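Student: model this:
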Amino acid sequence: MAPMKRPAASGSAASKRAKVETDPVQQHSDIIKDGLARSVEIPHAVLNMLSSMCQHAMQSCKDERHKYQDGVVDMMGNVLIGVEADINKTIADLKAKLAGTDDTRAAREAAVKAAEDDLDSKKKETQAKKEALAEDAMAFKAAKAKVAEAQVTQKNSSKELETLLKSKERLESTMKDLFQPLMAEGEKNHMVDSLMAFLQKLDLDESMLKALPEAISKEPSARGSFDTDVVSSLSSELAKRTESAAAEIAAAEPAKAQSAAALQDAEVCFEKAKDKQHVGATAYSSARAAQTESETALTTAKKVLADLDPEVKQIKKDLAVAEKDLADFCSGPKGSFAELRERVLPPVEEETEMVDEAATQGDAPAEAEA
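Tutor: So this is what the prediction gives:
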């Protein structure tokens with residue numbers, strides 16, 4: 001490296017110019033300090049110490065430094081090497097990241113495709129659950145209608161049996177309390193009127209009903225053959241009616257039991273349909289929630305893919321900045337450090353020439369003034 005020229009030791013013009021010009025060593029030292037401050041590995045206290053010692057250590061030429069100054073110079077050199085290494089690492093990382101963007105794009109496109117396939121599957125699942133739920137709802141509605149129908153049937157069966165029982169009971173009580181006493185003893189306590197009122201409801205033979213009041217009112221010994229036939233005919237008819245009522249009741253009781261069993265079966269089916277519909281509704285809700293989640297995942301995957309171009313642009317921008325930063329560092333702190341570290345004293349002849357040149361330049365204005 002060519003020796004750095006240092007300011008002349010004498011000469012009025014050179015002395016005046018030195019007062020207004022900045023010391024080049026100081027300029028280089030300030031630049032080196034800026035480079036030292038960029039270190040992220042060295043403690044701040046050490047960096048502050050090196051910065052404070054920088055100009056003093058660099059002020060002396062290479063062949064004039066003592067060992068302590070050389071130690072400081074070496075330490076500063078190592079720090080600057082670390083800073084440059086950090087910048088180079090940043091550049092290498094950015095280049096690797098930029099090189100990997102093709103793989104990143106392929107991976108993100110694959111993620112979008114996978115998300116689309118998953119969403120399509122989820123939509124089909126949701127539709128299937130929806131259709132199944134509709135069938136469950138129809139089955140539930142039908143089961144509910146069956147219960148209502150069975151309830152009506154059971155109610156009618158119970159009412160029919162109850163009517164038959166009451167009719168038979170009235171018939172039996174009439175025979176016991178009215179007809180039999182009249183048939184055995186004749187009219188007492190106006191029972192004939194009560195009996196006739198009941199018989200009018202039974203749809204009996206009109207001729208018998210007309211002859212009955214007079215025949216049954218007589219005592220048994222006073223009745224003629226006709227009277228006896230009328231009373232006997234009524235007795236036989238009432239007995240038939242009683243037997244018929246008993247037969248109807250016997251026939252209605254199984255129907256009532258059957259309708260009750262049918263209602264119970266319908267209620268069991270209804271509960272099953274209700275539970276199945278509830279399960280179907282839960283399954284549909286879960287499928288719909290999964291579809292919504294899949295839709296969100298697809299939206300996110302598409303956004304991540306769309307964000308790649310700006311990311312690549314930013315990586316290129318950051319790389320350009322880092323490369324310029326490296327160039328500035330090499331021409332700045334690193335260059336200034338190399339300049340001062342290798343600086344040596346100029347030869348004596350060169351120094352004399354510098355002094356004479358400075359003196360000549362200093363005298364020229366004086367002659368011009370004269």
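Student: Quick test: name the residue nearest the centre of this structure.
Tutor: residue 293 (5.6 Å; CA atoms, centre = their mean).
Student: which is the next helix or strand following the helix or strand hosting it?
Tutor: Residue 293 is located in helix 225-306, with elements delineated by DSSP states H and E. Downstream of helix 225-306, the first helix or strand assigned by DSSP H and E is helix 308-329.
Student: need the contact list for residue 86.
Tutor: Contact analysis of residue 86 by CB atoms under 8 Å, 6 or more residues apart in numbering lists 38, 39, 40, 41. (Each C-beta comes from the backbone N, C-alpha and C, glycine too.)
Student: Residue ranges in the stretch 201-350 of the chain under the pLDDT threshold?
Tutor: Within the stretch 201-350 of the chain, the segments meeting pLDDT under 70 span 347-350.
Student: whoops, the stretch 51-200 of the chain was the one
Tutor: 188-189.
Student: in it, which spans are helices?
Tutor: For the stretch 51-200 of the chain, the helices defined by DSSP state H, counting those that start in this stretch cover 67-99, 101-174, 180-185, 191-199.
Student: Residue 212: which of those helices is closest?
Tutor: helix 191-199 (7.2 Å; CB to CB).
Student: just to revisit the earlier point, I'd like the contacts of residue 86 as JSON lines, with pLDDT appended.
Tutor: JSON lines is the format used below for the contacts of residue 86 (pLDDT from 0 to 100):
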{"residue": "38", "pLDDT": "93"}
{"residue": "39", "pLDDT": "93"}
{"residue": "40", "pLDDT": "91"}
{"residue": "41", "pLDDT": "90"}
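Student: Save the residues you listed as TSV, and put in neighbour count and distance to residue 204 too.
Tutor: Below are these laid out as TSV (neighbours: other CB atoms under 10 Å; distance: CB to CB, whole Å):
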residue	neighbour count	distance to residue 204
38	17	128
39	18	129
40	7	123
41	9	126
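Student: I'd say residue 175 and residue 238 touch.
Tutor: Yes - with contact defined as CB atoms under 8 Å, residue 175 reaches residue 238; the gap is 5.4 Å.
Student: Of the contacts of residue 86, just say which sits nearest to residue 126.
Tutor: residue 40 (53.5 Å).
Student: contacting residues around the closest one?
Tutor: Applying CB under 8 Å, 6+ apart, the residues near residue 40 are residue 86.
Student: what separates the closest residue to residue 58 other than its chain neighbours from residue 330, distance-wise?
Tutor: Of all residues not flanking residue 58 in the chain, residue 340 sits nearest, at 4.1 Å (CB to CB, 6 or more residues apart in numbering). In this view, residue 340 and residue 330 are 15 Å apart by CB to CB, to the nearest Å.
Student: Of those two, which one has the most company?
Tutor: residue 340 (25 against 13; other CB atoms under 10 Å).
Student: residues of the strand or helix carrying the more buried one that come out buried?
Tutor: Using DSSP H and E, residue 340 sits within helix 335-341. Residues of helix 335-341 classed as buried by neighbour count (16 or more other CB atoms under 10 Å): 335, 336, 337, 339, 340, 341.
Student: which of these lies closest to residue 126?
Tutor: residue 335 (67.9 Å).
Student: Identify the residues contacting the closest one.
Tutor: Residue 335 makes no contacts at all, as judged by CB under 8 Å, 6+ apart.
Student: any idea how far residue 342 is from it?
Tutor: 11 Å.
Student: list the buried ones in stretch 61-78?
Tutor: 61, 62, 65, 69, 72, 73, 75, 76.
Student: residues touching the fifth one, list them.
Tutor: The one in question is residue 72. Here residue 72 is in contact with 50, 53, 54, 57 (criterion: CB under 8 Å, 6+ apart).
Student: 10 Å instead?
Tutor: Shown in contact with residue 72 (CB atoms under 10 Å, 6 or more residues apart in numbering): 49, 50, 53, 54, 56, 57, 58, 65.
Student: pretty sure the first one is touching residue 43, no?
Tutor: This means residue 49. Yes - assessed by CB atoms under 10 Å, residue 49 is found in contact with residue 43 at 9.5 Å.
Student: between these two, who's got more neighbours?
Tutor: Comparing residue 49 with residue 43 by other CB under 10 Å, the one with more neighbours is residue 49, at 14 against 9.
Student: To which secondary structure element is that one assigned?
Tutor: helix 44-59.
Student: Who are the packing partners of that helix?
Tutor: helix 24-36, helix 67-99, helix 335-341 (3 or more CB pairs under 10 Å, 6 or more residues apart in numbering; DSSP states H and E).
Student: buried sites along it?
Tutor: Going by 16+ other CB under 10 Å, helix 44-59 has these buried residues: 47, 50, 51, 53, 54, 55, 57, 58, 59.
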